[in-house]
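> Compute the structure for the input listed below.
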Amino acid sequence: MSQKGQQKAAVLSRAKLGEQIFMKTNEFLLTDPNMYITRPTYNSLHDPHLRKFYSRKEMQDKLRAGGFITEEKEVKCSFLEYKTHHRYLEHLKLHTDRSSEKIQDLTLADIREEMLEEGAALLHRIILKNEELRRTKKGSREEFSVEALLSWKLEERARLQRIERDVRHEWNKEQQLREAREKRERQV
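Model prediction:
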């Protein structure tokens with residue numbers, strides 16, 4: 001037998017029998033409001049709730065005879081379905097990458113507060129050390145008080161808020177430039 005006469009056609013498959021093809025996400029995707037990318041279609045062969053029904057031997061034999069699944073229990077699909085699913089997975093990956101890059105407000109506020117607390121703790125240690133020195137040596141030059149601690153904390157908070165505004169501005173500018181560049185690349 002010659003190999004030329006028995007060339008197999010490529011079989012496209014998105015998943016095995018009873019496996020979901022669309023992934024669950026933790027958040028609502030706003031990037032595809034008209035659902036051009038996901039284009040949800042229901043195929044009972046991919047329904048995990050019907051896995052037990054389709055796992056019966058006689059049902060699998062019927063599906064194989066009808067050309068719906070392969071010997072490895074892969075559900076066959078058309079080239080258009082495969083391409084659409086591939087675009088969906090790429091879109092999902094891109095969305096995940098973008099969402100992981102975003103700076104969260106809560107995180108920045110937490111970092112700012114943590115830095116202020118560390119600075120306040122440092123200043124408090126300096127005050128305690130100064131009081132110790134004052135007890136041992138009368139008339140120390142540097143004297144810190146609670147008022148100094150509070151004024152330092154307010155000044156430091158204002159400085160950190162200015163830095164945060166600058167970082168946000170730069171990040172938003174980079175984000176807009178990146179999105180514009182991606183939009184131009186998609187149009188080309």
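> which stretches of the chain form strands?
13-16, 74-76 (DSSP state E).
> Break this protein down into its structural domains.
10-101, 105-187 (automatic domain parsing).
> quick one on the thing from earlier: what's the least confident stretch among the strands of the chain?
The minimum mean pLDDT among these belongs to strand 13-16 (a mean of 84).
> that older thread, make JSON lines from the strands of the chain and add distance to Glu179 to it.
(C-beta placed from N, C-alpha, C; glycine too.) Shown next, in JSON lines, are the strands of the chain (distance: least, Cβ to Cβ, whole Å):
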{"stretch": "strand 13-16", "distance to Glu179": "30"}
{"stretch": "strand 74-76", "distance to Glu179": "36"}
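> do you know which of these lies nearest Met115?
strand 13-16 (47.5 Å; Cβ to Cβ).
> Which neighbouring elements make contact with that closest one?
Secondary-structure packing of strand 13-16 (3 or more Cβ pairs under 8 Å, 6 or more residues apart in numbering; DSSP states H and E): strand 74-76, helix 79-101.
> Any idea how far apart the tips of stretch 57-77 sit?
Distance between the two ends of stretch 57-77: 21 Å, counting by Cα to Cα, to the nearest Å.
> Contact partners for Ser186?
Heads up, residue 186 is Arg, not Ser. The contact partners of Arg186, by Cβ atoms under 8 Å, 6 or more residues apart in numbering, come to none.
> Would you list the phi and psi of Gly18?
Reported as degrees, to the nearest 10, the phi and psi values for Gly18 are phi 90, psi 0.
> Now it: closest residue in space that isn't a chain neighbour?
Of all residues not flanking Gly18 in the chain, Arg51 sits nearest, at 3.1 Å (Cβ to Cβ, 6 or more residues apart in numbering).
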